[in-house]
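# quick one, structure for this:
(one chain, ligands or ions: 1)
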Amino acid sequence: VDDDSVVTLLDYGAGNVRSVRNAIRFLGFDIKDVQTPEDIMNAKRLIFPGVGAFAAAMDVLNKKGMAEMLCAYIEQDRPFLGICLGLQLLFESSMENGPVKGLGLIPGVVGRFDSSNGFRVPHIGWNALQINKDSQILDDIGSRHVYFVHSYRAMPSDDNREWISSTCNYGDNFIASVRRGNVHAVQFHPEKSGDVGLSILRRFLYPKCEITKKPVQKKASKLAKRVIACLDVRTNDKGDLVVTKGDQYDVREHTKENEVRNLGKPVDLAGKYYLDGADEVSFLNITGFRDFPLGDLPMLQVLRYTSENVFVPLTVGGGIRDFTDGTGRYYSSLEVASEYFRSGADKVSIGSDAVYAAEQYLKTGVKTGKSSLEQISRVYGNQAVVVSIDPRRVYLKDPNDVEFKAIRVRNPGPNGEEYAWFQCTVNGGREGRLIGAFELAKAVEELGAGEILLNCIDCDGQGKGFDIDLIKLISDAVRIPVIASSGAGAVEHFSEVFSETKASAALAAGIFHRKEVPIQTVKEHLLKEGIEVRL
Ligand code: 1PR
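Residues are numbered from 1 along each chain as shown. As a prediction, this is how the structure comes out:
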């Protein structure tokens, strides 16, 4: 292979860098993995997609003798692109489980976002940048958004000013990218930033390509509200993996055959929604509670194929729990999640198992560290763990009739009840548990969830709008991002959920599968209503 079309990749094995690989290949380059410190010095161009925790990454770099080599490579002004943690590691130190010493090439300490000023941490989603100087790789992004996911950030100071090529505002004005000569690093994820991200990578890989400077946005950018396309996936009675969609979680057609509703093929639909402008794509393996996902290889294949062409974040849920198969082989939930990450998922979503973990935690007040939620967020970071809640409304005459959080609802129940609580369910809504969505959300936040996917069985597939009472209750109760789900039937439902609740994202399925409203139309409507979105 010609040296000119090779990218050297520094992957120290701490997480999912599949998307970076896919993006590099998509742009026509081959990949050579760094095996020895010398491979760094021999690189023609080096990409360092930092994943995992700061201390663990520094540890590996030091132990393998790569830290020194990396510093030498950068000091020699050789082509380098650090991504996310790959930017943070260039600084002197980080407060992530620290202070922990970094590579020390850029003055400054990486600190945690402050969530006390109302900004949700992790910072997850799409923001525009303020470009400070000729950044070369960012020169044609203008005011378009890029995708961030992190809880720690480096701040500008007089000492590091010469490095800063762009900043981003999220409570703080933090460093979004740095550049010195041929050395670049970005806090956001170009490999997850759609077309814009691919063009940033392209500029790094082809530094001589022509630049068309886009006008830079005048007013400050806010974190864009996300629109997420969701694919409920399961095997139909013929054994094919299909995208299905329920009405209040019932996915069977009401015909004589009673077949599973089939709305298309998962990989094709995910690709289509990416091109249509989805900010994320979620796959929910809805029979995961009874089928073991690692036995269910098609789901892993779906992720592998999808991630080859879809450059926005992918979430996968269903069946994340400990499991013993027919031969007595035990699989931990961490193994299941790791397999999903390796296959291309950026986040995993846990449903039933998070309910059991929260029940246990609320009963004992002890964090055992053993639940799937705790284990996966400890290893992959809490930004990689979504908890999916499947609540059902239970109407009440008197809020004191239950020990769970009950609220006065906008529309009274069938017998004029003015109150309701939101009962959590497991196994795809089949079993109600004695815990409310409010209690669950707060408990899983404490246990390490990075985001909440808030479904609503009553509204699912009804097209009558999101459950504003429920979404307001939960998005006011937690400091992690909340994804509103279930019930979207018109563009106005999206603007309603964003103006009346603190939801960070809105997820929909039926409205997109039935081609009633394209994703782009939803976004144009939101923009018209003064809500920031990524176009
Ligand atoms: O319990 O960890 O195995 O996870 C199972 C996952 O599968 C959970 O996230 C659960 O929400 C999901 N699930 C289980 N059964 C169903 C079902 O429909 N029978 N789907 C199901 C849940 C809900 C939404 C849906 C929105 C938007 N789907 O994700 O996409 O309600 O729909 P709409 O816009 O058409 O109204 P575990």
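# how does the chain divide up, domain by domain?
The record's domain parsing of the chain by automatic domain parsing lists 3-205, 226-528.
# for these, which one sits closest to the ligand?
When those are compared by CB to the nearest ligand atom, domain 226-528 sits nearest the ligand, at 2.7 Å. Any C-beta I mention is one placed from the backbone N, CA and C, and that applies to glycine too.
# is the ligand contacted by the closest one?
Yes: applying CB under 6 Å from any ligand atom, one finds domain 226-528 touching the ligand at 230, 232, 245-246, 249, 251, 284, 286, 288-289, 317-320, 349-353, 388, 390, 428-429, 455, 460-461, 485-488, 508-511.
# just for the protein, where's the confidence low?
Applying pLDDT under 70 to the chain picks out residues 1-2, 14-15, 210-220, 296-297.
# in the stretch 401-535 of the chain, which spans are strands?
407-408, 419-426, 431-436, 451-454, 482-485, 505-508 (DSSP state E, counting those that start in this stretch).
# CSV for those strands, including distance to residue 196?
Converted to CSV, those look like this (distance: least, CB to CB, whole Å):
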stretch, distance to residue 196
strand 407-408, 40
strand 419-426, 38
strand 431-436, 40
strand 451-454, 22
strand 482-485, 22
strand 505-508, 19
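# could I get those strands as TSV with mean neighbour count?
Formatted as TSV, these follow (neighbours: other CB atoms under 10 Å):
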stretch	mean neighbour count
strand 407-408	14
strand 419-426	23
strand 431-436	17
strand 451-454	28
strand 482-485	29
strand 505-508	24
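# for residue 70, find the nearest of the ones you listed.
When the strands of the stretch 401-535 of the chain are compared by CB to CB, strand 451-454 sits nearest residue 70, at 31.9 Å.
# and that closest one, what does it pack onto?
Identification of packing neighbours for strand 451-454 by 3 or more CB pairs under 8 Å, 6 or more residues apart in numbering; DSSP states H and E yields strand 385-389, helix 437-447, helix 468-477, strand 482-485.
# swap in 10 Å and give it another go.
strand 314-317, strand 347-350, strand 385-389, helix 437-447, helix 468-477, strand 482-485, strand 505-508 (3 or more CB pairs under 10 Å, 6 or more residues apart in numbering; DSSP states H and E).
# ok so residue 137 is a helix residue?
No: going by DSSP: H, G, I helix; E, B strand; the rest coil, the assignment for residue 137 is coil, not a helix.
# residues near it, how many?
22 (other CB atoms under 10 Å).
# before we move on, back to that, of the residues of domain 226-528 next to the ligand, select the buried ones using a ChimeraX command.
Applying 16 or more other CB atoms under 10 Å to those, the buried members can be selected in ChimeraX as follows:
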select :230,232,245,246,249,251,284,286,288,289,317,318,319,320,349,350,351,352,353,388,390,428,429,455,460,461,485,486,487,488,508,509,510,511
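# ok, residue 341 to residue 266 distance?
With the distance defined as CB to CB, to the nearest Å, residue 341 ends up 18 Å from residue 266.
# and residue 86, by the same measure?
When residue 86 is compared with residue 266 (using CB to CB), they lie 31 Å apart.
# ok, which of the strands of the stretch 401-535 of the chain comes nearest residue 372?
Of all the strands of the stretch 401-535 of the chain, strand 419-426 comes closest under CB to CB, at 13.2 Å.
# just the strands in the stretch 151-300 of the chain please.
With DSSP E, counting those that start in this stretch as the criterion, the stretch 151-300 of the chain has strands spanning 152-154, 164-170, 172-180, 183-186, 226-235, 241-244, 280-285.
# would you list those in CSV and tack on distance to residue 519?
Below are these laid out as CSV (distance: least, CB to CB, whole Å):
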stretch, distance to residue 519
strand 152-154, 29
strand 164-170, 24
strand 172-180, 26
strand 183-186, 26
strand 226-235, 6
strand 241-244, 15
strand 280-285, 11
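# out of those strands, which gets nearest to residue 370?
Across the strands of the stretch 151-300 of the chain, residue 370 has its closest neighbour in strand 280-285 (23.1 Å, CB to CB).
# got a list of what the residue lying closest to residue 493 once chain neighbours are set aside touches?
Once flanking residues are discounted, residue 493 sits nearest to residue 465: 4.4 Å by CB to CB, 6 or more residues apart in numbering. By CB atoms under 10 Å, 6 or more residues apart in numbering, residue 465 lies in contact with 459, 486, 487, 488, 489, 490, 492, 493, 494, 496, 497.
# just those residues now: which is nearest residue 335?
Distances from residue 335 to the contacts of residue 465, taken by CB to CB, are shortest for residue 486, at 30.4 Å.
# give the contact list for that closest one.
Applying CB under 10 Å, 6+ apart to residue 486 gives the contacts 230, 248-249, 390-391, 453-462, 465-467, 470-471, 507-510.
# and if you look at residue 299?
233-235, 241, 266, 283, 285, 288, 291, 293, 316, 318-319, 339-340, 343, 345.
# do that again at 7 Å, thanks
If a contact means CB atoms under 7 Å, 6 or more residues apart in numbering, then residue 299 has 233, 285, 293 as its contacts.
# how close does it sit to residue 172?
Per CB to CB, residue 299 is found 39 Å from residue 172.
# residue 64: how many residues sit nearby?
Counted with other CB under 10 Å, residue 64 comes out at 14.
# any chance of the backbone angles for it?
Per-residue torsions, residue 64: phi -90, psi 0 (degrees, to the nearest 10).
# find the nearest non-adjacent residue to it, please.
Nearest residue to residue 64 in three dimensions, chain neighbours excluded: residue 37, at 6.7 Å (CB to CB, 6+ apart).
# how many other residues sit next to that neighbour?
17.
# ok, it touching residue 66?
Yes: counting by CB atoms under 7 Å, residue 37 touches residue 66, with 5.1 Å between them.
# now stretch 463-477, how far from the centre of its chain.
21 Å (CA atoms, centre = their mean, to the nearest Å).
# ditto for stretch 315-326
Its chain's C-alpha centre and that of stretch 315-326 lie 19 Å apart, by CA atoms, centre = their mean.
# and it, end to end?
28 Å (CA to CA, to the nearest Å).
# what does that stretch contact?
Residues contacting stretch 315-326 (CB under 7 Å, 6+ apart): 280, 282-286, 288-289, 291-293, 295, 303, 330-333, 336-337, 340, 345-351, 353, 372, 386, 388.
# for the residue nearest to residue 64, give me its contacts.
Residue 37 touches 64, 65, 66, 69, counting by CB under 7 Å, 6+ apart.
# so the last one is in contact with residue 39, correct?
Spelled out, that is residue 69. No: when contacts are counted by CB under 7 Å, residue 69 is not listed as touching residue 39 (8.7 Å).
# settle it for me: which of the two has more neighbours?
residue 69 (20 against 17).
# tell me the buried residues in the helix or strand where the more buried one lies?
Take DSSP states H and E as the rule and residue 69 turns out to sit in helix 66-75. Buried residues in helix 66-75, counted by 16+ other CB under 10 Å: 66, 67, 69, 70, 71, 73, 74.
# mind listing what the first one touches?
Applying CB under 7 Å, 6+ apart, one finds that residue 66 lies in contact with 37, 40.
# please redo it, this time with the cut-off set to 6 Å
Each residue near residue 66 by CB atoms under 6 Å, 6 or more residues apart in numbering is listed here: residue 37.
# do the second one as well
With contact set as CB under 6 Å, 6+ apart, residue 67 has these partners: residue 61.
# what do you get if the cut-off is 8 Å, keeping everything else the same?
58, 61, 103 (CB atoms under 8 Å, 6 or more residues apart in numbering).
# dump the residues you listed into TSV; add distance to residue 526, neighbour count and secondary structure as well.
Listed next are the contacts of residue 67 as TSV, based on distance: CB to CB, whole Å; neighbours: other CB atoms under 10 Å; DSSP: H, G, I helix; E, B strand; the rest coil:
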residue	distance to residue 526	neighbour count	secondary structure
58	41	20	helix
61	42	23	helix
103	41	20	coil
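# residue 226: which of the residues you listed is nearest?
After measuring the contacts of residue 67 against residue 226 - CB to CB - the closest member comes out as residue 58, at 31.7 Å.
# just list whatever residues bridge to the residue nearest to the closest one when sequence neighbours are not counted.
Counting by CB to CB, 6+ apart, the nearest residue to residue 58 once its immediate chain neighbours are dropped is residue 100, at 6.1 Å. Note on residue 100: beta-bridge partners residue 94, judged by DSSP bridges.
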